[in-house]
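A.B. asks: below are the sequence and a predicted model; questions follow.
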Number of protein chains: 2
Amino acid sequence: MLVSLKIGLLQLNSTIGDFTANRRKLQEGYHQAVAQGAEFILAPELFLCGYPPRDLLLRSDFIDTNLAALAETAKIIGTIPLCVGYVDRNPERPGRALKNSAAVLQNGEIIWRMHKTLLPTYDVFDEDRYFEPAKKIEPFLFNGRKLGITICEDIWNDEDFWPERRYRQDPVRELILQGAEIILNISASPWCDGKESTRLAMLQRVARDEKIPLAQVNAIGANDELIFDGHSVALDAGGEIIARGKGFAEEILVADLSPEVSTHKSVVSSGFPSRESQIFSALSLGIHDYVRKCGFKSVILGLSGGIDSALVAVLAADALGAEKVMGVAMPARYSSAGSLQDAEALAKNIGIRYEVLPIEPPFLAVEKQLAKIFAGSKPNEAEENVQSRLRGVTLMALSNKFGALVLTTGNKSEMAVGYCTLYGDMDGALAPIADVLKTDVYRLARWVNRGRTIIPENSIAKPPSAELRPDQTDQDSLPPYEILDAILEAYVVKNMGQDEIIRNGFPAAIVNDVVNKINFSEYKRRQAAPALKISPRAFGMGRRIPIAQRFRSQQ
Amino acid sequence: MLVSLKIGLLQLNSTIGDFTANRRKLQEGYHQAVAQGAEFILAPELFLCGYPPRDLLLRSDFIDTNLAALAETAKIIGTIPLCVGYVDRNPERPGRALKNSAAVLQNGEIIWRMHKTLLPTYDVFDEDRYFEPAKKIEPFLFNGRKLGITICEDIWNDEDFWPERRYRQDPVRELILQGAEIILNISASPWCDGKESTRLAMLQRVARDEKIPLAQVNAIGANDELIFDGHSVALDAGGEIIARGKGFAEEILVADLSPEVSTHKSVVSSGFPSRESQIFSALSLGIHDYVRKCGFKSVILGLSGGIDSALVAVLAADALGAEKVMGVAMPARYSSAGSLQDAEALAKNIGIRYEVLPIEPPFLAVEKQLAKIFAGSKPNEAEENVQSRLRGVTLMALSNKFGALVLTTGNKSEMAVGYCTLYGDMDGALAPIADVLKTDVYRLARWVNRGRTIIPENSIAKPPSAELRPDQTDQDSLPPYEILDAILEAYVVKNMGQDEIIRNGFPAAIVNDVVNKINFSEYKRRQAAPALKISPRAFGMGRRIPIAQRFRSQQ
């Protein structure tokens, strides 16, 4: 083959289970790509049903509706083929009931089907729970050319990127051995910090090593915890970028996939915006899609005057528009005047509605209610948590009254060591920054303030405090956040044991204390709101730890 | 072989990650079984580390500690072999990093290792996430006899019990084809309603069909949501029961496994206690183990005077002793005098500490706090939920002050339709009856009261009400519980779609309303306390539903 092929990439945002809307979006994207001259068009993995559908896959009516949506979509497809992800049934027994599949649609019909071979079952992925892997892999013959069509993980089998490889098969290799001239990949590959670069480098290596042009369409949009970044790409046989999709936004892309290495230097840079910019875009998309896909229009959050709630408010205003965000300050006896001023200044800077609802009167009433049964006891976290929980009562009452979704404002460092109150400041339907370490919260706040002041300088500069007792600061009982976050990274993300972390140079007393705090607060995290995932290992569905357990490295 | 073999079954309760305690328990059990004449001894699947260890398996130090515990255990084993479950490393790549394994220990050494072939990855199970299946299966040669050793799922491959079989291999068949004369199975097979009978019938069928004697040791004890029931068993080659372990209690069992069908009629009945008795034992064990394994000594719960909290109080007193349980009544303006009397009578009947802490004063304070911002709005669930949340504030304050774990008292029917308040009556570390349908709550209450009155008759007889507004009852907005529970069973447990449920004879309007309520309240359940699992499909880790999704059967 010496003729090039114009590939259309439908980098679109689907909603899980909303087959009607997903189908409509697919049709519009298809017609647009055809109008732009595409000769073969790709839509993301499981686009018709949305990814990840999880246990909706166990519902027979869900599968039926998805198959009907595929058949309906076929009817509007003309001579230019569309390849789209859907769920197929696997009739063979023994075997799992389903397959993660792609269909090629042309001239009103489904003309070809293929199935995913490599099924991720780690971190947030559970594909072995549902799907039977493909039995055979073969290229798709299109106008005399052999196209090697793969689904997401099928292409992630390079030893350098995957040192602990789980899979025996290499679908890309097998397709090339069978004569595939182009590799196509439809993905729903969720983003985490740095993933856009890793993914691009991995794809470039495949193209370069195999000397083959390659195009990948990736989903965009957020579904619960997961944020899909798009960044679809077309590469020539030397791994140079021919075309690239936006990050965190929809786009219809048409790229001319030439069989030869481009003679000109790549016109598309392989650089990405700053790390802070990417994290901000991801979180903003995550908030926007969760609120919209859950059917809400507005959000509400507590503003403490601190940096965490300020950052969440800025993100929410970016995601939904300032008019859809209400910030509520709920001072009590230990709140400083400065905190209230900082909260108000932030609200003013971003233009959101701001309310002050002091919790002191209900706090006094609860103290009185408990006075007799608490008589003779020393003040402890019981009294501190009552304040946090009354703030939760206040926000949830506003939510129930006005139909606004509550955002919770805790960061990953706090969630890790349990420096948060269950049924208090943990109240909320979504936790936008619960996978963002405190040191990154500072970086993001500085980035938000680039060349202007949005988050009050005082919120950034003052020592972090929950203000639940006199003169309290986070560092009374925690190491400096630089050290804490480094230990969290080692323990939570890299799964290192205490011994290993101590060998890496951290003080044993601090490491043991931090690890004990992480283990002890597992029960809190089990009841936490879904957190937007931006790290390779977030708390939640991708980290499954028993609560009633007693493992310590040294026994 | 015509000689019989005395098999020792160590039906013991291990704690996840508590290698020291698990190892000590194993040693004591081993010596006891040897003293009782056992010639070959079995301990449960993954006994050394506890089951399910989940993502602790990703920690290298966890695997190391487990291997060290196995080596230490071997040192105390004499001529009578012990076969015990542990986690092995899989050095081969590509491949998953671990294996779910069993070792035979004898004369101070590890003399044989085998690995699990069939890895459950459905419902609550995630074994494909961690383990590589066995590459080969072969009998263990012991004193000239071929023993077919299997791990849990390996033996669950009968088509009649597993019509939707996932697995191609049948390890039991393969072992018998290689000459195995006895089938041994080490399990951590969690209980659900009816599982003890299904498991026994399945094992009896294997023994009878294959004409082979069989012994299974099963774990007992609870770990978070899962309750392991024991019920270890030894069967002759005709499937008759030679010996059987207790349900929901530890036991060392020694059984003479004869190669021949017993000529006498089975001396051990295959019957089990009543369904209510089994569920009660399971839940009591679940509470006991969660509290003990989390390091708590006492519990606290709200007593509303209703049947749900009464049942949970009875279960807690059974599990921990009445002196470890505190019941708290928290009346407000809509609480009836009768409810308070019923709560007090229940507390008196079971002998637990009883406190009354009215929430009316804090409720008034919150109403005042919100008066301005709520001005002009109609009362709705906002005001109702404030009451429920102030009860949560009260219980959590007592928990934080006195170190008692809070039990939450919602049932499965309520949790399904969202008839519960997030951060209110859903507060608690464990939800003992959140997998018990309301109709079963009634059955259990009647069973508790057999021949006496423990739960006040009024709590059972009166129409269920949350008492959050005047004259409220559950049936204002829900169908009768018999109908609701039948729909829940169809939708949640059997994964039927609305259309199918309606075809089964339920009114369409009711089915659609119930299903909408279930779907809408997914966000509440995501933040719910772990629920003791007693049904084939409980909410929680075994039912993974996206929150932001829009699937409806009819689009």
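C.D. replies: Looks like it arrived, so ask away.

A.B. asks: which of the helices or strands spans the residue of the stretch 51-200 of chain A found nearest chain B?
C.D. replies: Minimum separation of the stretch 51-200 of chain A from chain B (CB to the nearest CB) falls at residue A:61, amounting to 3.1 Å. The way it works is simple: take the backbone N, C-alpha and C, and place the C-beta from them, glycine included. Per DSSP states H and E, residue A:61 falls inside helix A:60-75.

A.B. asks: repeat for residue A:149
C.D. replies: strand A:145-151.

A.B. asks: helix or strand right after that strand?
C.D. replies: helix A:171-177.

A.B. asks: ok, which stretches of the stretch 301-450 of chain A are helices?
C.D. replies: A:307-320, A:337-350, A:360-374, A:381-402, A:412-417, A:438-448 (DSSP state H, counting those that start in this stretch).

A.B. asks: turn the ones you listed into CSV, including mean neighbour count and distance to chain B.
C.D. replies: Converted to CSV, those look like this (neighbours: other CB atoms under 10 Å in any protein chain shown; distance: least, CB to the nearest CB, whole Å):
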stretch, mean neighbour count, distance to chain B
helix A:307-320, 26, 14
helix A:337-350, 19, 15
helix A:360-374, 18, 4
helix A:381-402, 23, 4
helix A:412-417, 26, 14
helix A:438-448, 20, 23
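
A.B. asks: now mean pLDDT and distance to residue B:99 too, for these, in CSV please.
C.D. replies: Formatted as CSV, the helices of the stretch 301-450 of chain A follow (pLDDT from 0 to 100; distance: least, CB to CB, whole Å):
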stretch, mean pLDDT, distance to residue B:99
helix A:307-320, 98, 43
helix A:337-350, 96, 54
helix A:360-374, 97, 53
helix A:381-402, 97, 43
helix A:412-417, 98, 31
helix A:438-448, 98, 37
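
A.B. asks: quick one: which of those helices is nearest residue A:65?
C.D. replies: Nearest to residue A:65 among these is helix A:307-320; the distance by CB to CB comes to 29.6 Å.

A.B. asks: chain center to the closest one: distance?
C.D. replies: 17 Å (CA atoms, centre = their mean, to the nearest Å).

A.B. asks: same deal with stretch A:489-506?
C.D. replies: So, by CA atoms, centre = their mean, the centroid of stretch A:489-506 is 25 Å from its chain's centroid.

A.B. asks: distance between the ends of that stretch?
C.D. replies: 13 Å (CA to CA, to the nearest Å).

A.B. asks: swap in stretch A:70-83?
C.D. replies: 11 Å.

A.B. asks: also stretch A:90-104?
C.D. replies: 18 Å.

A.B. asks: tell me the mean pLDDT for that stretch?
C.D. replies: Average pLDDT, stretch A:90-104: 95.

A.B. asks: do that stretch and chain B meet at all?
C.D. replies: Yes. On the criterion CB under 8 Å from any CB of the partner chain, stretch A:90-104 is in touch with chain B at A:93, A:94, A:95, A:96, A:97.

A.B. asks: and the two most separated of the residues you listed?
C.D. replies: A:94 and A:97 (10.8 Å).

A.B. asks: the more surrounded of these two?
C.D. replies: residue A:97 (19 against 15; other CB atoms under 10 Å in any protein chain shown).

A.B. asks: now the more buried one, nearest residue through space, not along the chain?
C.D. replies: Of all residues not flanking residue A:97 in the chain, residue A:90 sits nearest, at 6.0 Å (CB to CB, 6 or more residues apart in numbering or on different chains).

A.B. asks: who's in contact with that neighbour?
C.D. replies: Listed by CB atoms under 8 Å, 6 or more residues apart in numbering or on different chains, the contact set of residue A:90 reads A:96, A:97, A:98, A:99, A:131, A:132.

A.B. asks: run a quick neighbour tally on the third one.
C.D. replies: Pointing back at residue A:98 there. Residues near residue A:98, counting by other CB under 10 Å: 19.

A.B. asks: please list all residues in contact with it.
C.D. replies: A:57, A:63, A:87, A:88, A:89, A:90, A:130, A:131, A:132.

A.B. asks: closest one of those to residue B:39?
C.D. replies: Of the contacts of residue A:98, the one sitting nearest to residue B:39 (CB to CB) turns out to be residue A:132, at 42.8 Å.

A.B. asks: quick one: residues contacting the closest one.
C.D. replies: By CB under 8 Å, 6+ apart, the neighbours of residue A:132 are A:90, A:92, A:95, A:96, A:97, A:98, A:99, A:115.
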